[in-house]
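Visitor: Make a model of this:
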Amino acid sequence: MGFGQFVALIAAMMATNALAIDSMLPAMPQIGEALNVASANERQWILTAYLLGFGVAQIVYGPLADRFGRKPVLMVGLSLYVVFAALCAFATSFEMLLTARVLCGVGAAATRVLSVSIVRDCYSGRQMARVMSLSFIVFLGVPIIAPSVGQAILLVAPWPWVFGVLSIFGLAVIAWSWLKLPETLHPQDRVPLEVTPVLAAFKVCLTNRVAVGYTLAATLVLGGLFGFLNSAQQVFEMLGAGRSFPLIFAAIAGGIAVSSLLNSRVVGRLGMRLVSHVALFGYIAFAVVHALVAVSGHETLWTFSLLQAGMMFCFGLVMSNFGAIAMEPLGHLAGTAASVQGFITTIGGALFGFGIGQLFDGTTVPLTLGFAGFGIAGLVAVLITEKGRMFHAGSGAPAAEGAGVH
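Guide: Take a look at the predicted model:
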C-alpha cells in the first residue's frame, strides 16, 4: 500500500469513531422526544454510553492484537460496530438505544487501538507523529462535516438513519481493510495470550514515567473536549445558533484540522515536546480568557465560537504529540500500549466530560471553567513527568526519532 492510501485508511478507521460521536449532535432533540427522554442533560448519555463502551473495550483489543495480529482483530471490531450501529436505528426505548451504543463503542474501540498500533508498527518518533497528524487532517474532516451530515439526513429521513449511515460507513471500511491492509505485526513481536506475559506487558505500560505522565495529561485535556461535545447542542441552542449549528461547529472543529496540518510540517524540525508544550500553554490561555468572558456575563455566539476555535487549534497540536510521546518508549508493545492508553484517556476523558456536561445550567460558565481547570491540571502532569523541564527535544536524537520502517 502506498503512503497516501495508508494515511487515508488509518484516517478512515479513526473516522468511524468521530462519525459515531458527532453526526448525531443535531439529532439529540429528536431522539430524546421519540424515546421519551425528559431532561436535556439526560440526552448526554447518548454520547457518554458510547464513549464508555469505546474506552473499556480498548483494554482487551491490545493483547488480542499483539497475539493474533492487527488485521483479524480489526475485522472483528468493525463487524461489531456495523451490527450495533444498525441496532441503534431500531431502538424502541432509551435503554435499548444506550445498550446498543455501548456495544457499538465496544466495536469501535478496535479502530482506535489498531490504528495507533499499525502506525507504530511502521513508524517511530517524529515520523510517527507526522503520519498521525496527516491522518488527523483527513480524519478531522469527519467531525467538521458530521453534524452537517446528520442535519442533512434529518431533512430527508427520520433520526434512525443517522445510525444507518454509521453502519454503511463501517461496511466500507471493512471492505477497504480486507482488500488492501497487510498484516503489520512483526512475528518477533507477538506476545502469547497468557496471564503472565500479558500482566508483564501491562506493568511495563503502567510504570514507564513518560508513557503514564503524557497519558494522564492527554486524559485531562480530553475531558474538556468531551465536556464540549456533551453539551454542544444545548450551548448553541442557548446562544441562538439555530440551524447554523452545524456550520459553526464545523468552523470550530476546523481549528483542529489546521493545527494538525501545521503539526505535520513542523514537528520533524521542532520536535514533539516543544510543539505540544507551547500549544498547551496556548490552550490554557484561551481557556482562561474564555472563562473570564463567561463569568463576566459577556458571552455571545461570536465570543464562544472564536475562543473555542482557538482552543481547538491548540488542542490539535497537544493531542497528536502527547499520544506519540506516550507511545514512543513502548514500540515493542504497541498493541498493549495503545489499549492501555486508550482505556485511560477515553474512560477518564468521558467521565470528566460527562461531569462538565451535567453541570450545564443555561450558561457557558461550567464548561469554560472546566476547560481552564483541566488544562491547568494537564500542565501540572507534564511538569511532573518532565521534572520541571519544558520545551526540550526529548531523549531521542532527531535522526533516530524520524526513522521509519514502513
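Visitor: Low-confidence stretches in the stretch 101-250 of the chain?
Guide: Along the stretch 101-250 of the chain, segments meeting pLDDT under 70 span 124-130, 132-141, 143.
Visitor: all helices of it, in order?
Guide: Under the criterion DSSP state H, counting those that start in this stretch, the stretch 101-250 of the chain carries helices at the ranges 125-139, 141-156, 160-180, 195-207, 209-238, 245-270.
Visitor: ok, and for the third one, which residues are buried?
Guide: Buried positions in helix 160-180, judged by neighbour count with 16 or more other Cβ atoms under 10 Å: 160-167, 169-171, 173-174, 177. Bear in mind the C-beta positions are built from the backbone N, C-alpha and C, glycine included.
Visitor: and what of the second one?
Guide: With burial defined by 16+ other Cβ under 10 Å, the residues of helix 141-156 counted as buried are 141-151, 153-154.
Visitor: Just send those back as CSV, with distance to residue 118 too.
Guide: As requested, the buried residues of helix 141-156 are exported to CSV (distance: Cβ to Cβ, whole Å):
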residue, distance to residue 118
141, 20
142, 19
143, 21
144, 24
145, 25
146, 23
147, 28
148, 29
149, 26
150, 29
151, 33
153, 31
154, 35
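Visitor: farthest-separated two in these?
Guide: Between any two of the buried residues of helix 141-156, the greatest separation by Cβ to Cβ is 20.4 Å, found for 141 and 154.
Visitor: and the residue nearest to residue 369 when sequence neighbours are not counted, what element?
Guide: Take residue 369 and drop its neighbours on the chain: the residue closest to it by Cβ to Cβ, 6 or more residues apart in numbering is residue 291, 5.2 Å away. Per DSSP states H and E, residue 291 falls inside helix 272-295.
Visitor: tell me what that helix is packed against?
Guide: Judged by 3 or more Cβ pairs under 8 Å, 6 or more residues apart in numbering; DSSP states H and E, the packing partners of helix 272-295 are helix 209-238, helix 245-270, helix 301-327, helix 365-385.
Visitor: Pull the distance from the third one to the chain's centre.
Guide: The chain centroid and the centroid of helix 301-327 are separated by 12 Å under Cα atoms, centre = their mean, to the nearest Å.
Visitor: How about the longest one?
Guide: In this view, helix 209-238 has its centroid 9 Å away from the chain centroid, taken as Cα atoms, centre = their mean.
Visitor: how far off helix 141-156 does that helix point, in degrees?
Guide: Here helix 209-238 runs at an angle of 30 degrees relative to helix 141-156 (axes from the mean of the first three to the mean of the last three Cα atoms, to 10 degrees).
Visitor: re earlier: can you redo the helices of the stretch 101-250 of the chain as JSON lines with distance to residue 30?
Guide: Putting the helices of the stretch 101-250 of the chain into JSON lines (distance: least, Cβ to Cβ, whole Å) gives the following:
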{"stretch": "helix 125-139", "distance to residue 30": "27"}
{"stretch": "helix 141-156", "distance to residue 30": "7"}
{"stretch": "helix 160-180", "distance to residue 30": "9"}
{"stretch": "helix 195-207", "distance to residue 30": "42"}
{"stretch": "helix 209-238", "distance to residue 30": "11"}
{"stretch": "helix 245-270", "distance to residue 30": "14"}
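Visitor: can you tell which of these is closest to residue 46?
Guide: helix 209-238 (9.4 Å).
Visitor: buried residues in that closest one?
Guide: By 16+ other Cβ under 10 Å, the buried positions in helix 209-238 come out as 210-236, 238.
Visitor: and residue 61, how many neighbours?
Guide: 28 (other Cβ atoms under 10 Å).
Visitor: Quick check: which element contains it?
Guide: Going by DSSP H and E, residue 61 is part of helix 45-68.
Visitor: Run a quick neighbour tally on residue 328.
Guide: Neighbours of residue 328 (other Cβ under 10 Å): 24.
Visitor: Before I go, just wanted to say thanks for your time.
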